[in-house]
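Student: Based on what follows, work out the 3D shape:
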Amino acid sequence: ILDFSKMEAGKLTLDRSDFSLRKLLDETVAPLAMRAQEKGVEFICAAAPDVPDRLCGDPTRLRQILVNLAGNAVKFTERGEIAVRVSLADAEDPSDRTDQSQIRLRFSVSDTGIGIAADKQDLLFGKFSQVDSSSTRRFGGTGLGLAIARQLAELMGGEIGVDSEEGRGTTFWFTLRLDRGGEEEALDGSESGVRAATAPVDIRGARILVVDDNDTNRQVLMTQLQSWGFRVQCAEDGPSALAVLRKAQEEGIVFRAAILDMQMPGMDGLALAQVIRHESAHAAMRLILLTSMGNAGESKRFKQAGLNAWLPKPVRASTLFDILHEALAARIPPSAATTPPVSASAPVRPDAPRILLAEDNEVNRLVAEGILKKLGVRTDTVGTGAEAIAALKRERYDLVLMDIQMPVMDGLEATRRIRSQESGVRSQHGGRRLPIIAMTAHAMQGDREKCIEAGMDDYIAKPVSPKALADMLAKWMGDQQLEERAKT
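Tutor: Numbering: from 1, shown residues only. Reported below is the predicted structural model:
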């Protein structure tokens, strides 16, 4: 209120100091991003690669505008995403500008919130604006914030506006004219800080796979990575990423790193990392996980999944650059990386145990198959309980890994039927009781009892870890080589 009174009286003066634009953005959006993530809303913040980092102006007033606009976006958005972007406002070539000491920037805050009706948008920048009584009761009004934001933008030689569609979302934007600051703190001595810092020669041109179901995130990451000299390919989910990697393997193409989003439908980043790690052709690829701030402390789980690094969203460009540089520079030389890595799988012995895997979930199946391959056992896979029963009538197996939840006939019912036909099954399997191990994601009291009651011999929790599965197989089959591999 004091600021608004000063502005109306023409007494508000702007400060002038050098500042880092990207540092200001990171510090400003961090608490807002956390609030958005608590609501399940994706929060993205990105400055275009051609935007200089060192500027001179009033960082406090710039921060004030951003907090107001982004804060409103968090308040009025219940699902979807919020994106804060900075780009050059001038369409002409920067070299054509008469005043090279100044730059005009465009800031925008977009959301997928409740939107604003066209006939109400002109009211937004008035004092204590409340464009709709129902949304105001639910979310609160905007108070003096937008009126102050407009005044500040105009004081700094810019303008402010809004584009919105009711029910679909809103984009607030403003422009500012700022002076270029002192010398850029570039990572490689180039013009504009993080954005112009190209990758060192030994990793420039490296292929990176970006996997994220959010279109905006994929585009932001691809643009930034390409500006550093990396070759980038994108996938929108885990299965698509695996298809890209398998095709690359067939064509002799090597991806040096993959950036995986944690929260993806169907197959999340952790599950995807586990599948990649169990496919020997990509065992040397660096895996980097992007996670919400609330998940950043789960380092033990991330390490177990085979991740090399993880960082919270929204992603800081400087942090991502440092992580990629450290991860890729530590790799084997590029010349050696063009040769597919030697398989880490154990050779399949003629007398190797033969296992039937009954699992309908593609992710879990790929993980288990990858582990079993490394253990050197022979594996057949089916997707339903009925198929498991049919397979046991056709072939001789040393052990069955049975998922509990499968369509048509679940693992418990399939096991009951197998045990009811025990005499036939035993004659098919050398007169011995066939070990059936339950694979379950449940950890509820009584789950083990249900498995044992159905005729299962033991159970293993999902997601399955290599050591746990090796230990389980060694326990029930007494294979000395499996016992040795279980220790590694």
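Student: Can you show me the helices along the stretch 51-200 of the chain?
Tutor: Using DSSP state H, counting those that start in this stretch, the helices of the stretch 51-200 of the chain run over 59-76, 133-139, 145-155, 193-196.
Student: Which of those helices has the lowest mean pLDDT?
Tutor: Ranked by mean pLDDT, these end with helix 133-139 in last place, scoring a mean of 39.
Student: Going along the chain from the worst-scoring helix or strand of the chain on mean pLDDT, find the next helix or strand for me.
Tutor: Of all the helices and strands that make up the chain, the one with the lowest confidence by mean pLDDT, DSSP states H and E is helix 334-337; it has a mean of 32. Along the chain past helix 334-337, the next helix or strand (assigned with DSSP states H and E) turns out to be strand 354-358.
Student: Tell me the first helix or strand C-terminal of that following strand.
Tutor: Reading on from strand 354-358 to the C-terminus, the next helix or strand found by DSSP H and E is helix 362-375.
Student: Please export the C-alpha coordinates of that following helix as CSV.
Tutor: Below are the C-alpha coordinates for helix 362-375, written out as CSV (Å, rounded to 0.1, in the frame of the first residue of the first chain):
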residue,chain,number,x,y,z
GLU,A,362,5.6,-54.5,-18.8
VAL,A,363,7.9,-52.5,-16.5
ASN,A,364,8.1,-55.1,-13.8
ARG,A,365,8.6,-57.8,-16.5
LEU,A,366,11.5,-56.0,-18.1
VAL,A,367,13.1,-55.4,-14.7
ALA,A,368,12.8,-59.0,-13.7
GLU,A,369,13.9,-60.3,-17.1
GLY,A,370,17.0,-58.1,-17.0
ILE,A,371,18.0,-59.4,-13.6
LEU,A,372,17.4,-63.0,-14.5
LYS,A,373,19.5,-62.6,-17.7
LYS,A,374,22.4,-61.2,-15.6
LEU,A,375,22.1,-64.2,-13.3
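Student: surely residue 277 meets residue 304?
Tutor: No. At 10.0 Å, residue 277 does not count as touching residue 304 under the criterion of C-beta atoms under 8 Å. C-beta: built from backbone N, CA, C; applies to glycine.
Student: ok, those two, which is more surrounded?
Tutor: A count of neighbours by other C-beta atoms under 10 Å puts residue 277 above the other of residue 277 and residue 304, at 20 against 16.
Student: Contacts only, for the more buried one.
Tutor: 283, 287, 305, 306, 370 (C-beta atoms under 8 Å, 6 or more residues apart in numbering).
Student: Pick the one among those closest to residue 17.
Tutor: When the contacts of residue 277 are compared for distance to residue 17, the smallest value, 40.6 Å, is given by residue 287; criterion: C-beta to C-beta.
Student: beta partners for the closest one?
Tutor: Beta-bridge pairing of residue 287 under DSSP bridges involves residue 258.
Student: give me the element residue 290 is part of.
Tutor: If you go by DSSP H and E, residue 290 is part of strand 286-291.
Student: now that strand, how far from the centre of its chain.
Tutor: 7 Å (C-alpha atoms, centre = their mean, to the nearest Å).
Student: Residues contacting that strand, please?
Tutor: Outside of strand 286-291, the residues that reach it under the criterion C-beta under 8 Å, 6+ apart are 212, 217, 256-263, 269-270, 273, 276-277, 298, 302, 306-313, 315, 320, 323-324, 327-328, 331.
Student: and if we set it to 7 Å?
Tutor: The contact list for strand 286-291, computed with C-beta atoms under 7 Å, 6 or more residues apart in numbering, reads 256-262, 269, 273, 276, 302, 306-313, 315, 323, 327-328.
Student: Please report how far residue 218 lies from residue 462.
Tutor: According to C-beta to C-beta, to the nearest Å, residue 218 and residue 462 sit 29 Å apart.
Student: quick one: low-confidence parts of the stretch 301-450 of the chain?
Tutor: Judged by pLDDT under 70, the stretch 301-450 of the chain has its weakly predicted residues at 330-350, 423-431, 442-445.
Student: any chance you could map the helices in it?
Tutor: So, for the stretch 301-450 of the chain - with DSSP H, counting those that start in this stretch - the helices run 317-329, 334-337, 362-375, 385-394, 411-420, 422-428, 447-454.
Student: Of all these, which one is nearest residue 20?
Tutor: Proximity to residue 20, assessed across the helices of the stretch 301-450 of the chain by C-beta to C-beta, is greatest for helix 317-329 (9.6 Å).
Student: the inter-axis angle of the closest one versus strand 286-291?
Tutor: Helix 317-329 runs at 160 degrees relative to strand 286-291, counting by axes from the mean of the first three to the mean of the last three C-alpha atoms, to 10 degrees.
Student: for helix 317-329, the distance to its chain's centre please.
Tutor: 16 Å.
Student: for stretch 263-271, same thing?
Tutor: Average the C-alpha atoms of stretch 263-271, do the same for its chain, and the two points are 8 Å apart (C-alpha atoms, centre = their mean).
Student: quick one: terminal-to-terminal distance for stretch 34-54?
Tutor: According to C-alpha to C-alpha, to the nearest Å, stretch 34-54 extends 26 Å from its N-terminal end residue to its C-terminal end residue.
Student: tell me which residues of that stretch are tucked away?
Tutor: 36-37, 41-49, 51-54 (16 or more other C-beta atoms under 10 Å).
Student: again, but for stretch 264-278
Tutor: When burial is assessed from 16+ other C-beta under 10 Å, stretch 264-278 yields the following buried residues: 264, 267-278.
Student: Would you convert these into a markdown table that also reports pLDDT and distance to residue 147?
Tutor: Conversion of those to a markdown table gives the following (pLDDT from 0 to 100; distance: C-beta to C-beta, whole Å):
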| residue | pLDDT | distance to residue 147 |
| --- | --- | --- |
| 264 | 91 | 40 |
| 267 | 86 | 47 |
| 268 | 88 | 43 |
| 269 | 92 | 42 |
| 270 | 89 | 46 |
| 271 | 88 | 48 |
| 272 | 90 | 47 |
| 273 | 91 | 48 |
| 274 | 86 | 52 |
| 275 | 87 | 53 |
| 276 | 89 | 51 |
| 277 | 85 | 54 |
| 278 | 79 | 57 |
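Student: among the residues you listed, which are in helices?
Tutor: With helices defined by DSSP state H, the entries of these inside them are 269, 270, 271, 272, 273, 274, 275, 276, 277.
Student: The second one against residue 303, yeah?
Tutor: No. Counting by C-beta atoms under 7 Å, residue 270 sits too far from residue 303 to count as a contact (11.0 Å).
Student: Look up how far residue 308 lies from residue 213.
Tutor: Residue 213 sits at a distance of 22 Å from residue 308 (criterion: C-beta to C-beta).
Student: err, residue 325, not the other one
Tutor: Distance, residue 325 to residue 308, using C-beta to C-beta: 13 Å.
Student: same deal with residue 433?
Tutor: In this structure, residue 433 lies at 43 Å from residue 308, with C-beta to C-beta as the measure.
Student: So these two - more neighbours on which side?
Tutor: For residue 433 versus residue 308, the count of surrounding residues by other C-beta under 10 Å is larger for residue 308: 18 against 12.
Student: For residue 117, see how far away the nearest residue to that one once chain neighbours are set aside is.
Tutor: The spatially closest residue to residue 308, leaving aside those adjacent along the chain, is residue 286, at 4.8 Å (C-beta to C-beta, 6 or more residues apart in numbering). Using C-beta to C-beta, residue 286 is found at 48 Å from residue 117.
Student: Nice, that's everything, thank you.
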